[in-house]
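**Q** what would the 3D arrangement of this be:
(one chain, ligands or ions: 1)
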Amino acid sequence: MIDVAYGNRRPGVSSALNFDPATVRLAQNFTLLEFIRSGAASRHQIDNRIPIDCRPGQPFRNLLTLAETVLQPLRDEFGTVIITSGYRCKALNLMIGGAVNSQHQFGQAADIQVPGVSPYGVATWIEANLTFDQLILEFQEWVHVSIAATPRLEVLTAFRAAASRKAIYTPSLHLADSLPLELKVNHEPTS
Ligand SMILES: [Zn+2]
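**A** As a prediction, the model looks like this:
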């Protein structure tokens, strides 16, 4: 196990990719594999790996911060946390239709689910307890949470428009399966 989170943080530990991401620990209960694995990437032969590079601004460094400041506290509170989408290389983000400036591309965002806890419940806890850049309750199905050097603490709920199925984002968290009409405000989220 390469214990990055508690071990050597010298810049540029390794730029090679010939290591097993399952053996690289980002926080006490999270490995790099959990942040880079992707069914879509596997199916389309997209290489979604990243080097172990702890320099500021590098995806790996951002994932370390994301794991330590968001994922591990969630794990400590709720037990199991499933990362359904973590880091996305540009090709993967394009392929799955992610936002052009998606923070997933920089290792700054994760989509998560907690077994046995509603996404609304998870998002509510994050809002009350953690520092984040953007927190989005997506379609009552999963939670998108991101970090940034200057956190915006922006909180949104995403709904699907009834006709077009287009995503519509409204401020704050809403436990509803339809869009509250009075809150039809469009944002440009980076989910
Ligand atoms: Zn996301």
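
**Q** now do the helices in the chain.
**A** Listed in chain order, the helices found in the chain under DSSP state H are 32-36, 39-43, 59-66, 72-78, 90-95, 119-129.

**Q** reformat those helices as a markdown table; add mean pLDDT.
**A** As requested, those are exported to a markdown table (pLDDT from 0 to 100):
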| stretch | mean pLDDT |
| --- | --- |
| helix 32-36 | 98 |
| helix 39-43 | 95 |
| helix 59-66 | 98 |
| helix 72-78 | 98 |
| helix 90-95 | 96 |
| helix 119-129 | 98 |
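
**Q** between those, which one is nearest to the ion?
**A** The ion lies closest, by C-beta to the ion, to one member of these: helix 90-95, at 9.9 Å. Yep, even glycine has a C-beta here, placed from its N, CA and C like the rest.

**Q** packing partners of that closest one?
**A** If you count contacts as 3 or more C-beta pairs under 8 Å, 6 or more residues apart in numbering; DSSP states H and E, helix 90-95 packs onto helix 39-43.

**Q** what's the helix it packs on in contact with?
**A** Contacts to helix 39-43, defined as C-beta atoms under 8 Å, 6 or more residues apart in numbering, come from residues 46, 47, 48, 89, 92, 95, 96.

**Q** for the ion, see how far away the third one is.
**A** Think residue 48. Distance, residue 48 to the ion, by C-beta to the ion, to the nearest Å: 15 Å.

**Q** let me know the pLDDT of that residue.
**A** Note on residue 48: pLDDT of 97.

**Q** residue contacts, it?
**A** Here residue 48 is in contact with 36, 37, 38, 41, 87, 88, 89, 92 (C-beta under 8 Å, 6+ apart).

**Q** if I pick residue 122, what's in contact with it?
**A** Residue 122 sits next to 74, 78, 112, 113, 114, 143 when contact means C-beta under 8 Å, 6+ apart.

**Q** repeat that with 7 Å
**A** In this structure, residue 122 makes contact with 112, 114, 143, judged by C-beta atoms under 7 Å, 6 or more residues apart in numbering.

**Q** mind putting these into TSV with pLDDT?
**A** Shown next, in TSV, are those (pLDDT from 0 to 100):
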residue	pLDDT
112	98
114	98
143	98
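
**Q** out of those residues, which is nearest to residue 167?
**A** Residue 167 has its nearest neighbour among the contacts of residue 122 in residue 143, at 14.6 Å by C-beta to C-beta.

**Q** partners of that closest one in the sheet?
**A** For residue 143, the beta-bridge partners are residue 112, residue 137 (DSSP bridges).

**Q** so it touches residue 109, yeah?
**A** No: using C-beta atoms under 7 Å, residue 143 is not in contact with residue 109; the gap is 10.6 Å.

**Q** which of those two has more residues huddled nearby?
**A** Comparing residue 143 with residue 109 by other C-beta atoms under 10 Å, the one with more neighbours is residue 109, at 31 against 28.
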